[in-house]
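J.: Take this sequence and fold it.
(2 chains)
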Amino acid sequence: GAVVSQHPSRVICKSGTSVKIECRSLDFQATTMFWYRQFPKKSLMLMATSNEGSKATYEQGVEKDKFLINHASLTLSTLTVTSAHPEDSSFYICSARDPSGGGTTGELFFGEGSRLTVL
Amino acid sequence: SQQGEEDPQALSIQEGENATMNCSYKTSINNLQWYRQNSGRGLVHLILIRSNEREKHSGRLRVTLDTSKKSSSLLITASRAADTASYFCASIRQAGTALIFGKGTTLSVSS
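T.: Sure, this is the predicted structure:
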């Protein structure tokens, strides 16, 4: 199946710094990628939809200035957590849909997630 | 916002037993999907059932869908310790948009 790669898998940073997480579709082109956040023992909460070549669409309650999303190419989307604070510590997961494998109703392929710890 | 509500939230069984997880959703759907997540990992797609289907099988997995009750169930037969994971139902709000996930069921299979 399609592969989505996410990097880094773990990152620890100090409060006030910014952290960038990359999400790549390795064997398909994704005009749209999705970013989720997951708290321990909780479900995935959709943060935003990343659109190649245009601005991301954020879910209600998600601060766009805090979570910067850039979808610069058809295979790469980045999430930057700016001025990170301990409450931003979480598991962030990206996903993408392979348009050749299921179109608009098909399955999503997920990265392995990035665990962010802010000290 | 979350689309689905799974129950039970946690399920502990012995190897060889069957595990049944239920999911209820709120809005109309085009299809409903089930995913599995091992602890601290990404999600793996298990099975998709379309709104005009009532039951679907894939190996040891059996999924049912009742659109009149807005509910679905996932049955794992002859469970193994390796089935230990969290299971989520999910659906899309509109074509081409993101999946919205339920709260999940954490399954623990002991040998």
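J.: after the helix or strand of chain A with the lowest mean pLDDT comes which helix or strand?
T.: When each helix and strand of chain A is scored by mean pLDDT, DSSP states H and E, helix A:99-102 comes last, with a mean of 64. The helix or strand immediately downstream of helix A:99-102 is strand A:109-110, counting by DSSP states H and E.
J.: Does that following strand pack against any helices or strands, and if so which?
T.: strand A:90-96, strand B:43-50 (3 or more C-beta pairs under 8 Å, 6 or more residues apart in numbering or on different chains; DSSP states H and E). Backbone N, C-alpha and C define where each C-beta goes, glycine included.
J.: between these, which one is nearest to B:Thr97?
T.: Taking C-beta to C-beta as the criterion, strand A:90-96 is the member of the helices and strands packed on strand A:109-110 that comes nearest to B:Thr97, at 11.9 Å.
J.: got the angle between that closest one and strand B:43-50?
T.: Interaxial angle of strand A:90-96 relative to strand B:43-50 (axes from the mean of the first three to the mean of the last three C-alpha atoms, to 10 degrees): 50 degrees.
J.: Strand A:90-96 pairs with which strands, and in what direction?
T.: Sheet pairing here is set by DSSP bridges, and for strand A:90-96 it gives strand A:32-38 (antiparallel), strand A:109-110 (antiparallel), strand A:114-118 (antiparallel).
J.: would you turn those strands into CSV with mean neighbour count, distance to B:Glu55 and mean pLDDT?
T.: Shown next, in CSV, are these (neighbours: other C-beta atoms under 10 Å in any protein chain shown; distance: least, C-beta to C-beta, whole Å; pLDDT from 0 to 100):
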stretch, mean neighbour count, distance to B:Glu55, mean pLDDT
strand A:32-38, 24, 29, 95
strand A:109-110, 24, 25, 91
strand A:114-118, 19, 37, 97
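J.: could those strands go into CSV alongside distance to B:Gln33?
T.: Below are those laid out as CSV (distance: least, C-beta to C-beta, whole Å):
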stretch, distance to B:Gln33
strand A:32-38, 14
strand A:109-110, 12
strand A:114-118, 23
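J.: can you tell which of these is closest to B:Ile29?
T.: In terms of C-beta to C-beta, the element of the strands paired with strand A:90-96 nearest to B:Ile29 is strand A:32-38, at 17.5 Å.
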